[in-house]
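**Q** Here is my input; please provide its structure:
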Amino acid sequence: MTGGAGFIGRWVVQKLLDAPYSVTALDNLSNGSNENICDFRGNPNFNFVKADIRNRESVNTAFKDVDLCIHLAAQINVQESLDFPDRAFSNNIVGTYNVLEACRKNDVKLVIVGSCMVYDVALSRAINEEHPIKPSSPYSGSKIAAENLALSYYHGYGLPVVILRPFNTYGPCQKSNSEGGVVGIFIKRHLEGKNLLIYGDGEQTRDFLYVEDCAGFIVKAAFNDKAVGEVINAGTGHDISINNLALLICKDEAKIRHVPHIHPLSEIRKLVCDSLKANNLLEWEPITPMDEGIRKTTQWVKSTLEPSDQDSCMPT
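**A** Numbers count the residues shown, from 1 in each chain. So this is what the prediction gives:
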């Protein structure tokens, strides 16, 4: 697995080890962290390789004796991609090419975890896999390019490839700073007694998927032959405005502030997922209500703010 020490990767690793499978997690720790995988260090079925997917030799070495690759390593920040587009290109396109070549040479099935941010806006209906795409940032453009490159290996070489597009994933172990998701950012600022800052008018909506549900979706798709050659969404089918999300977390409109959007042209106004394909093909559906997901995430963020002698990213 690439990106195995990252936010989603850490939860996918846990599900695979619980199965149980042997897992090799490759990560350069630029976005992931040692804390995310500290619980797995003593597991004989877990192996960590600190390496960068942009380094072809490192990738090739890590792919020995591998049957399946779940590809999660990526440049994931929209704002960063607009400020430094070369990082999105080198990580998401060149890095994915290196992973694809390693899979092709070693006959390894590949599951690419993409993003809902590749879709164009849908004002009146949920977004299914046939919905038009629109690269509104170098991040989304590079993710589309990586998906198409992978599908070219499926059609051109017969490499088994699965493309997954989970919607906005949140939960424990996600960064609660400017690189993290809005749920974690809001929770952290609320716990610190700070105002919650919202870009623009706050009426943009998102379909928030709890991370353990997302990890279960990824693992189900990885081991289902029906998913090969397919693009599959995952979400709850319900969206919430950023204004209402902030109010849900802080319970006080006086603590909410609106600020000018840094990159308004990259903003997607409405994101809500149609997961019918995942339901039918994989028999998957999310099971975590948002209030429960926010409770678990709050518990974890709170634990990171309190002094502790033990590193852990697991809520208690």
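**Q** which residues sit in contact with residue 215?
**A** Applying C-beta atoms under 8 Å, 6 or more residues apart in numbering, we find residue 215 in contact with 8, 11-12, 14-15. Quick note: C-beta positions are derived from backbone N, CA and C, even for glycine.
**Q** Most neighbours out of these, which is it?
**A** residue 12 (28 neighbours; other C-beta atoms under 10 Å).
**Q** what about it, is that helix, strand or coil?
**A** With DSSP: H, G, I helix; E, B strand; the rest coil as the basis, residue 12 sits in helix.
**Q** residue contacts, it?
**A** 1, 4, 70, 72, 215, 218-219.
**Q** Would you mark the buried spots in the lowest-mean-pLDDT helix or strand in the chain?
**A** Least confident element among the helices and strands of the chain, by mean pLDDT, DSSP states H and E: helix 78-83 (a mean of 89). Buried residues in helix 78-83, defined by neighbour count with 16 or more other C-beta atoms under 10 Å: 78, 80-82.
**Q** again, but for stretch 112-132
**A** Within stretch 112-132, judged by 16+ other C-beta under 10 Å, the buried ones are 112-119, 122, 126-127, 129, 131.
**Q** Rounded mean pLDDT for that stretch, please.
**A** Stretch 112-132 shows a mean pLDDT of 91.
**Q** likewise stretch 1-11?
**A** For stretch 1-11, the per-residue pLDDT averages 97.
**Q** Report the backbone C-alpha coordinates of the helix or strand that contains residue 299 in CSV.
**A** Assigned by DSSP states H and E, residue 299 falls within helix 290-305. Taking Å, rounded to 0.1, in the frame of the first residue of the first chain, the C-alpha atoms of helix 290-305 are listed here in CSV:
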residue,chain,number,x,y,z
MET,A,290,-22.6,12.1,11.2
ASP,A,291,-23.3,13.0,14.9
GLU,A,292,-21.4,9.8,15.9
GLY,A,293,-18.6,10.5,13.5
ILE,A,294,-18.2,14.0,14.9
ARG,A,295,-18.3,12.7,18.5
LYS,A,296,-15.5,10.2,17.7
THR,A,297,-13.4,12.8,15.9
THR,A,298,-13.9,15.3,18.7
GLN,A,299,-12.7,12.7,21.2
TRP,A,300,-9.6,12.1,19.1
VAL,A,301,-8.8,15.8,18.5
LYS,A,302,-9.3,16.5,22.2
SER,A,303,-6.7,13.7,23.0
THR,A,304,-4.2,15.4,20.8
LEU,A,305,-4.5,18.6,22.7
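**Q** contacting residues for the residue nearest to residue 5 when sequence neighbours are not counted?
**A** Nearest non-adjacent residue to residue 5, counting by C-beta to C-beta, 6 or more residues apart in numbering: residue 32, 3.2 Å away. Shown in contact with residue 32 (C-beta under 8 Å, 6+ apart): 3-7, 9-10.
**Q** Likewise for residue 211?
**A** Going by C-beta under 8 Å, 6+ apart, the list of residues near residue 211 reads 7-8, 11, 169-174.
**Q** wait, which of these is closest to residue 288?
**A** residue 171 (8.5 Å; C-beta to C-beta).
**Q** Just give the nearest non-adjacent residue to the closest one, would you?
**A** Ranked by C-beta to C-beta, 6+ apart and with sequence neighbours excluded, the top spatial neighbour of residue 171 is residue 211, at 3.3 Å.
**Q** now the one you found: how far from residue 200?
**A** The gap separating residue 211 from residue 200 is 26 Å, by C-beta to C-beta, to the nearest Å.
**Q** Residue 208 against residue 171, yeah?
**A** No. Between residue 208 and residue 171 there is no contact under C-beta atoms under 8 Å: 9.3 Å.
**Q** what is in contact with these two at once?
**A** Looking at what touches both residue 208 and residue 171 (by C-beta under 8 Å, 6+ apart), the common residues are 183, 293.
**Q** Do a quick rundown of the helices in the chain.
**A** Using DSSP state H, the helices of the chain run over 7-18, 34-37, 56-62, 78-83, 85-88, 95-106, 138-157, 182-191, 211-222, 242-250, 276-282, 290-305.
**Q** need the least confident one among these, by mean pLDDT.
**A** Among those, helix 78-83 scores lowest, at a mean of 89.
**Q** just checking, what packs against it?
**A** Judged by 3 or more C-beta pairs under 8 Å, 6 or more residues apart in numbering; DSSP states H and E, the packing partners of helix 78-83 are helix 85-88, helix 138-157.
**Q** Just the pLDDT for residue 267.
**A** Model confidence at residue 267 (pLDDT) stands at 76.
**Q** That should have said residue 312, apologies.
**A** Note for residue 312: predicted pLDDT of 50.
**Q** how much space between the residue of the chain positioned farthest from its centre and residue 172?
**A** Taking C-alpha atoms, centre = their mean, the residue of the chain most remote from its mean C-alpha position is residue 254, at 31.6 Å. Note on residue 254: its distance to residue 172, by C-beta to C-beta, is 28 Å.
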